[in-house]
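Participant: Provided below for reference: sequence and predicted model.
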Amino acid sequence: MRTALFILIFLQVLQCRTAAQDVSSEEFFENRIRPMLAGTCFRCHGGERVSGGLRVDTVDALLAGGDSGPAIIRGDSAGSLLFRAIARQP
């Protein structure tokens with residue numbers, strides 16, 4: 001559940017970021033989000049293996065998404081596929 005909370009916080013930050021906030025949201029992603037994704041998602045969605053066309057190693061890749069659509073949706077954090085997957089929601 002802690003991972004889902006961090007993802008939700010990241011998505012909230014991403015939704016309202018401006019050009020001036022890009023650095024802080026990138027830092028947040030690199031320091032808090034990427035390590036969690038690397039520990040749980042990267043083996044199937046990063047490096048040489050890219051299951052479902054989804055990469056989780058950059059914010060841009062999460063925004064672009066994979067075969068099922070964007071992994072994160074600005075303005076709809078709880079509806080984002082990434083959040084629903086981590087929170088184990090259908």
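Facilitator: Received, thanks.
Participant: from here on, contacts and neighbour counts on C-alpha atoms
Facilitator: OK.
Participant: so Gly53 sits right up against Gly66, yeah?
Facilitator: Yes: with contacts counted by C-alpha atoms under 8 Å, Gly53 reaches Gly66, the gap being 4.3 Å.
Participant: excluding its backbone neighbours, what's nearest the residue nearest in space to the middle of the chain?
Facilitator: Nearest to the mean C-alpha position of the chain, by C-alpha atoms, centre = their mean, lies Leu62 at 5.2 Å. Excluding the flanking residues, the one nearest Leu62 by C-alpha to C-alpha, 6 or more residues apart in numbering is Ala71, at 5.1 Å.
Participant: for the one you found, what are its contacts?
Facilitator: By C-alpha atoms under 8 Å, 6 or more residues apart in numbering, the contact set of Ala71 is 54, 62-65, 80-82.
Participant: I'd like the distance between it and Phe83.
Facilitator: Distance of Ala71 to Phe83, computed by C-alpha to C-alpha, to the nearest Å: 8 Å.
Participant: quick one: least confident helix or strand in the chain?
Facilitator: Sorting the helices and strands of the chain by mean pLDDT, DSSP states H and E puts helix 2-15 at the bottom, at a mean of 62.
Participant: Does Gly46 touch Arg55 like I think?
Facilitator: Yes: when contacts are counted by C-alpha under 8 Å, Gly46 is listed as touching Arg55 (5.2 Å).
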